[in-house]
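generate a structure from the sequence data that follows.
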Amino acid sequence: MSFINTKAGEIGVKVVYFGPALAGKSTNIRTLHRKTRPALRGRLDEIAGVEPMLSFDFAPDTLPRIADRYRVRLHLVTVPGPVLSPVSRKLVLKGVDAVVFVADTQEEGGELVRFEDNVESMQQLLTLLDDLGVDSAVMPMVLQYNKRDLVEGTALLPQESGHSQPIVLSTLEALDEAINPNGLPTVEAVATEGVGVMDTLRIVVKDLLEPLRAEYEGSGDRYPIAAGSSGGWPRV
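Numbering: from 1, shown residues only. Sure thing, here's the model as predicted:
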(Lines give C-alpha, C1' and ligand atoms only; values in the text may rest on other atoms or scores of the structure.)
Protein backbone atom coordinates (compact mmCIF):
# COMPACT_ATOMS: atom_id res chain seq x y z
CA MET A 1 0.00 0.00 0.00
CA SER A 2 1.45 3.35 -1.02
CA PHE A 3 2.05 6.03 1.59
CA ILE A 4 2.37 9.78 1.36
CA ASN A 5 4.96 11.99 3.02
CA THR A 6 3.73 15.55 2.64
CA LYS A 7 6.80 17.04 4.31
CA ALA A 8 9.18 15.44 1.81
CA GLY A 9 6.71 15.74 -1.06
CA GLU A 10 6.88 12.03 -1.80
CA ILE A 11 4.61 9.07 -2.38
CA GLY A 12 6.33 5.82 -1.51
CA VAL A 13 5.50 2.59 -3.31
CA LYS A 14 6.78 -0.92 -2.68
CA VAL A 15 7.92 -3.13 -5.55
CA VAL A 16 8.66 -6.74 -4.57
CA TYR A 17 10.87 -9.03 -6.68
CA PHE A 18 9.47 -12.54 -6.34
CA GLY A 19 10.42 -15.87 -7.93
CA PRO A 20 12.14 -19.21 -7.34
CA ALA A 21 15.45 -19.41 -5.51
CA LEU A 22 18.48 -18.14 -7.42
CA ALA A 23 16.39 -17.00 -10.40
CA GLY A 24 18.12 -13.61 -10.42
CA LYS A 25 16.10 -11.43 -8.06
CA SER A 26 19.16 -10.21 -6.16
CA THR A 27 21.04 -9.68 -9.42
CA ASN A 28 18.25 -7.38 -10.60
CA ILE A 29 18.43 -5.28 -7.44
CA ARG A 30 22.23 -5.06 -7.49
CA THR A 31 22.17 -4.03 -11.15
CA LEU A 32 19.56 -1.34 -10.56
CA HIS A 33 21.50 -0.01 -7.58
CA ARG A 34 24.71 0.07 -9.62
CA LYS A 35 23.03 1.88 -12.52
CA THR A 36 21.70 4.62 -10.23
CA ARG A 37 24.05 7.54 -9.63
CA PRO A 38 25.92 6.89 -6.33
CA ALA A 39 25.32 10.38 -4.97
CA LEU A 40 21.57 10.05 -5.39
CA ARG A 41 20.68 6.46 -4.55
CA GLY A 42 19.67 5.05 -1.19
CA ARG A 43 21.79 2.50 0.63
CA LEU A 44 21.67 -1.11 -0.54
CA ASP A 45 20.59 -3.12 2.50
CA GLU A 46 21.26 -6.84 2.65
CA ILE A 47 20.19 -9.66 4.93
CA ALA A 48 22.69 -12.45 4.32
CA GLY A 49 21.64 -15.99 3.53
CA VAL A 50 21.85 -18.69 0.88
CA GLU A 51 19.94 -16.19 -1.23
CA PRO A 52 20.30 -12.73 0.37
CA MET A 53 17.35 -10.42 0.83
CA LEU A 54 18.16 -7.03 -0.73
CA SER A 55 16.44 -3.67 -0.72
CA PHE A 56 17.00 -0.01 -1.54
CA ASP A 57 14.92 3.01 -2.45
CA PHE A 58 15.15 5.79 -5.01
CA ALA A 59 12.97 8.42 -6.67
CA PRO A 60 13.59 8.66 -10.43
CA ASP A 61 13.37 12.31 -11.46
CA THR A 62 12.20 11.25 -14.91
CA LEU A 63 8.79 10.25 -13.53
CA PRO A 64 5.93 12.78 -13.60
CA ARG A 65 4.80 14.13 -10.26
CA ILE A 66 1.51 12.93 -8.85
CA ALA A 67 -1.04 15.74 -8.50
CA ASP A 68 1.72 18.04 -9.84
CA ARG A 69 3.27 17.87 -6.38
CA TYR A 70 4.56 14.51 -5.19
CA ARG A 71 7.60 12.60 -6.39
CA VAL A 72 7.28 8.83 -6.57
CA ARG A 73 9.81 7.02 -4.38
CA LEU A 74 10.33 3.37 -5.24
CA HIS A 75 11.17 0.90 -2.49
CA LEU A 76 12.58 -2.22 -4.16
CA VAL A 77 12.92 -5.44 -2.17
CA THR A 78 13.55 -9.12 -2.91
CA VAL A 79 11.75 -11.90 -1.08
CA PRO A 80 14.04 -14.03 1.11
CA GLY A 81 15.45 -17.31 -0.12
CA PRO A 82 13.97 -20.79 0.29
CA VAL A 83 15.59 -21.39 3.67
CA LEU A 84 13.01 -19.12 5.24
CA SER A 85 9.35 -20.08 5.42
CA PRO A 86 6.51 -18.73 3.26
CA VAL A 87 5.54 -16.68 6.32
CA SER A 88 8.68 -14.60 5.82
CA ARG A 89 7.83 -14.05 2.17
CA LYS A 90 4.32 -13.06 3.16
CA LEU A 91 5.72 -10.42 5.51
CA VAL A 92 7.80 -8.97 2.69
CA LEU A 93 4.72 -8.84 0.46
CA LYS A 94 2.68 -6.98 3.06
CA GLY A 95 1.91 -3.51 1.69
CA VAL A 96 3.12 -4.38 -1.81
CA ASP A 97 2.11 -2.07 -4.67
CA ALA A 98 3.65 -3.97 -7.59
CA VAL A 99 5.44 -7.26 -8.27
CA VAL A 100 8.25 -8.29 -10.57
CA PHE A 101 8.21 -12.06 -10.97
CA VAL A 102 11.67 -13.31 -11.97
CA ALA A 103 11.51 -16.71 -13.68
CA ASP A 104 14.56 -18.92 -14.23
CA THR A 105 14.47 -19.98 -17.89
CA GLN A 106 17.79 -21.79 -18.28
CA GLU A 107 17.62 -24.90 -20.45
CA GLU A 108 19.30 -28.26 -20.78
CA GLY A 109 18.64 -30.62 -23.64
CA GLY A 110 15.94 -28.35 -24.96
CA GLU A 111 13.94 -28.44 -21.71
CA LEU A 112 13.41 -25.71 -19.16
CA VAL A 113 15.41 -26.97 -16.18
CA ARG A 114 13.30 -25.19 -13.57
CA PHE A 115 9.86 -25.27 -15.15
CA GLU A 116 8.12 -26.70 -12.06
CA ASP A 117 10.01 -24.37 -9.70
CA ASN A 118 8.71 -21.39 -11.66
CA VAL A 119 5.14 -22.72 -11.60
CA GLU A 120 5.26 -23.48 -7.87
CA SER A 121 6.70 -20.06 -7.10
CA MET A 122 3.95 -18.32 -9.06
CA GLN A 123 1.32 -20.38 -7.26
CA GLN A 124 2.87 -19.40 -3.94
CA LEU A 125 2.85 -15.73 -4.93
CA LEU A 126 -0.83 -15.81 -5.87
CA THR A 127 -1.71 -17.66 -2.66
CA LEU A 128 0.18 -15.19 -0.47
CA LEU A 129 -1.38 -12.20 -2.22
CA ASP A 130 -4.81 -13.74 -1.71
CA ASP A 131 -4.04 -14.29 1.98
CA LEU A 132 -3.14 -10.60 2.23
CA GLY A 133 -6.38 -9.57 0.56
CA VAL A 134 -4.59 -8.31 -2.56
CA ASP A 135 -6.34 -8.76 -5.90
CA SER A 136 -3.65 -10.18 -8.16
CA ALA A 137 -5.83 -9.46 -11.19
CA VAL A 138 -5.35 -5.71 -10.76
CA MET A 139 -1.93 -5.69 -9.09
CA PRO A 140 0.69 -4.14 -11.41
CA MET A 141 2.93 -7.07 -12.29
CA VAL A 142 5.53 -7.94 -14.91
CA LEU A 143 7.16 -11.30 -15.65
CA GLN A 144 10.87 -11.28 -16.31
CA TYR A 145 12.15 -14.36 -18.12
CA ASN A 146 15.74 -14.35 -16.91
CA LYS A 147 18.89 -16.31 -17.85
CA ARG A 148 18.22 -16.05 -21.58
CA ASP A 149 21.94 -16.65 -22.16
CA LEU A 150 21.53 -20.23 -20.94
CA VAL A 151 19.03 -21.60 -23.45
CA GLU A 152 18.88 -22.98 -26.98
CA GLY A 153 18.33 -21.22 -30.30
CA THR A 154 20.07 -18.08 -31.55
CA ALA A 155 19.48 -14.35 -31.16
CA LEU A 156 21.49 -11.23 -30.54
CA LEU A 157 21.74 -9.39 -27.27
CA PRO A 158 20.41 -5.81 -27.30
CA GLN A 159 23.07 -3.25 -28.19
CA GLU A 160 23.10 -1.83 -24.67
CA SER A 161 24.69 -5.03 -23.39
CA GLY A 162 27.96 -4.33 -25.16
CA HIS A 163 28.09 -7.88 -26.57
CA SER A 164 28.77 -8.50 -30.25
CA GLN A 165 28.46 -12.29 -30.16
CA PRO A 166 25.04 -13.98 -30.41
CA ILE A 167 23.54 -15.73 -27.40
CA VAL A 168 21.10 -18.60 -27.49
CA LEU A 169 17.36 -18.13 -26.98
CA SER A 170 14.33 -20.37 -27.12
CA THR A 171 10.55 -19.99 -27.12
CA LEU A 172 8.69 -19.70 -23.85
CA GLU A 173 5.17 -20.68 -24.88
CA ALA A 174 4.79 -23.58 -22.42
CA LEU A 175 6.02 -21.62 -19.41
CA ASP A 176 4.08 -18.53 -20.39
CA GLU A 177 0.90 -20.58 -20.71
CA ALA A 178 1.47 -22.10 -17.27
CA ILE A 179 2.28 -18.96 -15.27
CA ASN A 180 0.85 -16.15 -17.38
CA PRO A 181 -2.70 -17.07 -18.45
CA ASN A 182 -3.83 -13.44 -18.18
CA GLY A 183 -1.20 -12.09 -20.55
CA LEU A 184 0.89 -10.00 -18.17
CA PRO A 185 3.75 -7.98 -19.70
CA THR A 186 6.93 -10.04 -20.14
CA VAL A 187 10.59 -9.14 -20.59
CA GLU A 188 13.41 -11.47 -21.63
CA ALA A 189 16.53 -10.73 -19.61
CA VAL A 190 20.13 -11.57 -18.87
CA ALA A 191 20.29 -9.90 -15.48
CA THR A 192 23.99 -10.66 -14.98
CA GLU A 193 24.67 -8.48 -18.03
CA GLY A 194 22.06 -5.86 -17.17
CA VAL A 195 19.95 -6.84 -20.19
CA GLY A 196 16.22 -6.32 -19.62
CA VAL A 197 16.63 -5.22 -16.01
CA MET A 198 15.78 -1.55 -16.51
CA ASP A 199 13.06 -2.39 -19.05
CA THR A 200 11.39 -4.63 -16.49
CA LEU A 201 11.29 -1.89 -13.88
CA ARG A 202 10.08 0.73 -16.36
CA ILE A 203 7.09 -1.41 -17.34
CA VAL A 204 5.95 -2.10 -13.80
CA VAL A 205 6.41 1.54 -12.75
CA LYS A 206 4.41 2.72 -15.76
CA ASP A 207 1.57 0.43 -14.67
CA LEU A 208 1.79 1.90 -11.16
CA LEU A 209 1.25 5.50 -12.21
CA GLU A 210 -2.42 5.20 -13.15
CA PRO A 211 -3.62 3.78 -9.80
CA LEU A 212 -1.45 6.31 -7.96
CA ARG A 213 -3.09 9.16 -9.84
CA ALA A 214 -6.52 7.70 -9.13
CA GLU A 215 -5.72 7.46 -5.42
CA TYR A 216 -4.02 10.79 -4.81
CA GLU A 217 -4.88 13.41 -7.39
CA GLY A 218 -7.37 15.86 -5.96
CA SER A 219 -7.00 14.20 -2.55
CA GLY A 220 -5.45 17.07 -0.63
CA ASP A 221 -3.41 16.04 2.42
CA ARG A 222 -5.83 13.62 4.04
CA TYR A 223 -3.51 10.60 3.75
CA PRO A 224 -1.25 9.37 6.57
CA ILE A 225 2.16 11.01 6.78
CA ALA A 226 5.07 8.59 6.84
CA ALA A 227 8.65 9.12 7.97
CA GLY A 228 10.84 10.47 5.18
CA SER A 229 13.68 8.56 3.57
CA SER A 230 17.28 9.69 3.90
CA GLY A 231 17.97 8.76 0.27
CA GLY A 232 18.52 11.32 -2.49
CA TRP A 233 16.95 11.79 -5.89
CA PRO A 234 18.66 9.50 -8.39
CA ARG A 235 18.51 9.64 -12.15
CA VAL A 236 18.57 6.20 -13.79
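
can you tell me the closest non-neighbouring residue to the spatially most central residue of the chain?
Compute the mean C-alpha point of the chain, and by Cα atoms, centre = their mean the closest residue is V100, 3.3 Å away. In space, and not counting its chain neighbours, V100 is closest to Y17: 4.8 Å by Cβ to Cβ, 6 or more residues apart in numbering. Quick note: C-beta positions are derived from backbone N, CA and C, even for glycine.

quick check: bridge partners of that neighbour?
Assessed by DSSP bridges, Y17 has beta-bridge partners T78, V100.

circling back: could you check how far the residue nearest to the centre of the chain is from Y70?
23 Å (Cβ to Cβ, to the nearest Å).

check T186 too.
Computed as Cβ to Cβ, the T186 to Y70 distance reads 30 Å.

ok, which stretches of the chain are strands?
All strands of the chain, identified by DSSP state E, fall at 3-5, 10-18, 45-47, 53-58, 71-78, 98-104, 107-108, 111-112, 141-146, 186-188.

name the helices or strands packed onto the first one?
The helices and strands touching strand 3-5, judged by 3 or more Cβ pairs under 8 Å, 6 or more residues apart in numbering; DSSP states H and E, are strand 10-18.

orientation of the strand it packs on relative to strand 98-104 in degrees?
Interaxial angle of strand 10-18 relative to strand 98-104 (axes from the mean of the first three to the mean of the last three Cα atoms, to 10 degrees): 20 degrees.

buried stuff in strand 10-18?
10-18 (16 or more other Cβ atoms under 10 Å).

check the average confidence over it, would you?
In this model, strand 10-18 has a mean pLDDT of 95.

tell me which strands and helices that strand is in contact with?
The contact analysis (3+ Cβ pairs under 8 Å, 6+ apart) places strand 10-18 against strand 3-5, helix 25-35, strand 71-78, helix 86-93, strand 98-104, helix 197-216.

what does the last one rub up against?
This points to helix 197-216. 2, 4, 11, 13, 15, 28, 31-32, 35, 60, 63-64, 66-67, 70, 72, 74, 76, 97-100, 138, 140-142, 144, 185, 187, 189, 191, 223, 236 (Cβ atoms under 8 Å, 6 or more residues apart in numbering).

what's the angle from that helix to strand 98-104?
With the same axes, to 10 degrees as the basis, helix 197-216 and strand 98-104 are set at 160 degrees to each other.
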